[in-house]
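J.: got a structure for you, letters missing:
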Ligand SMILES: O=C(O)C(=O)C[C@]1(C(=O)O)C=C[C@@H](O)C=C1
């Protein structure tokens, strides 16, 4: 048989399967109507196992794995179609979010004036009143108590990765991401007046900035000490007034705290940038938003994460980020944080969340925002 002839046969099989697929989906619609009337669950794991058992009986062993994948996908698609149908029939499922932006006057961030967080705050919310607090947790509690409308926190850096404490705080304080901004991070090494690069034996900085500059520090044999923030590091170096101490910070922070810039651009990754987010007590959805942030848990068995990711694929959304964190309750069990393309006002997203809510042990929307990337 030539390739063309084999393809002709494949085309014929596909046409038959297309007919059968349509019949199967129509049958799934009738199942959905019946379940809608009786308020029954769409996902039936025992029935799916039974279907797989029946269909694989007597099957060529060599094809078993592939066939099981095929049947599982078919039933996943069948469920997606049923959720869509049930929403059309009037299933009571809404995403509780506000459609209007709220006025922002008070913005708080962690660190000090001159920090990268302050830059992000000014760029996302110009002309507001800014409060600097000591820890990320302080940012969350200020917003939660209502002393600030918005809190600015870093979520991820292109060199050092996720700022996981912030992921945990989002859940602890029940706040939502409303806005995001990418700040290009270029560190300099700064010392007190009179210090030269050769004098510096020890630097202060935030752990992420230390990681981002570790190659420079190693090449010069400089040791590093952790500060809560790069601007705090600059202020401490000024106060300690020691020629051998330097700070890894922004040029703005060095200038603000009266330090001399000894060398610029010491981060080894020249694409070094941090994603900051603005958090508030409200889940807000605007027409220009093109990202949704979500956290979920999936059951602790093989293939369950792949199957959840497959659901996102079925709705045609792109995952732009995925991070996992220990769930804090059971050893080796995780929460998955994902960001993906989409707008909460899109009807398809309502069906997606309906399906995720029904099928996963835990799911929560963490935010909606516009990304320029
Ligand atoms: O039999 C059902 O209850 C269905 O909803 C149909 C079906 C399938 O497509 O075969 C889909 C979802 C269930 O999890 C099990 C099976």
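T.: Right, received. Where do you want to start? These numbers come from a predicted model, not from an experiment. Numbers count the residues shown, from 1 in each chain.

J.: need the nearest residue in space to the residue of the stretch 101-250 of the chain at minimum distance from the ligand, chain neighbours excluded.
T.: Here the stretch 101-250 of the chain gets closest to the ligand at one residue, residue 171, 29.3 Å apart by C-beta to the nearest ligand atom. C-beta coordinates here come from the backbone N, C-alpha and C atoms, glycine included. Sequence neighbours aside, residue 295 is the residue nearest to residue 171 in space, at 6.8 Å (criterion: C-beta to C-beta, 6 or more residues apart in numbering).

J.: and the residue of the stretch 201-350 of the chain that's closest to the ligand?
T.: Distance from the ligand to each residue of the stretch 201-350 of the chain (C-beta to the nearest ligand atom) is smallest for residue 307, at 11.8 Å.

J.: and that residue, which helix or strand is it part of?
T.: Residue 307 belongs to helix 304-314 when assigned by DSSP states H and E.

J.: and the stretch 51-200 of the chain, which residues reach the ligand?
T.: Proximity of the stretch 51-200 of the chain to the ligand is confined to 51, 75, 78, 79 under the rule C-beta under 6 Å from any ligand atom.

J.: contacts for stretch 236-247 next, please.
T.: Identification of contacts with stretch 236-247 by C-beta atoms under 8 Å, 6 or more residues apart in numbering yields 189-192, 194-195, 199-205, 222, 227, 230, 233-234, 253-254, 257-259, 262.

J.: tell me the spacing between the closest residue in space to residue 197 that isn't next to it in sequence and residue 237.
T.: When the adjacent residues along the chain are set aside, residue 197 lies closest to residue 262, with 4.6 Å between them (C-beta to C-beta, 6+ apart). When distances are taken as C-beta to C-beta, to the nearest Å, residue 262 and residue 237 turn out to be 11 Å apart.

J.: could I get the contacting residues of the residue in the chain positioned nearest to the ligand?
T.: For the chain, the residue closest to the ligand is residue 78, as judged by C-beta to the nearest ligand atom, at 3.1 Å. With contacts defined as C-beta under 8 Å, 6+ apart, residue 78 is in contact with 24, 25, 28.

J.: low-confidence ranges, this protein, go.
T.: Applying pLDDT under 70 to the chain picks out no residues at all.

J.: mind naming the longest helix for this protein?
T.: Longest helix in the chain by number of residues, with DSSP state H as the criterion: helix 3-38.

J.: buried residues in that helix, which are they?
T.: Taking 16 or more other C-beta atoms under 10 Å as the neighbour-count basis, helix 3-38 is seen to contain the buried residues 24, 28, 29, 31, 32, 35, 36.

J.: and what of stretch 51-64?
T.: So stretch 51-64, judged by 16+ other C-beta under 10 Å, has buried residues 52, 56.

J.: okay, now the residue lying closest to residue 364 once chain neighbours are set aside: neighbour count?
T.: Computed as C-beta to C-beta, 6+ apart, the closest residue to residue 364 that is not its neighbour in sequence is residue 295, at 5.3 Å. Neighbouring residues of residue 295 were enumerated by other C-beta atoms under 10 Å; the total is 18.

J.: over to residue 218?
T.: 10.

J.: that one in helix, strand or coil?
T.: When states are read from DSSP: H, G, I helix; E, B strand; the rest coil, the local structure at residue 218 comes out as helix.

J.: against which helices or strands is the host helix or strand of residue 154 packed?
T.: Per DSSP H and E: residue 154 is located in strand 150-157. Using 3 or more C-beta pairs under 8 Å, 6 or more residues apart in numbering; DSSP states H and E as the contact criterion, the secondary-structure elements in contact with strand 150-157 are strand 106-110, helix 116-124, helix 136-145, helix 164-173, strand 176-184, helix 207-212, strand 273-280.
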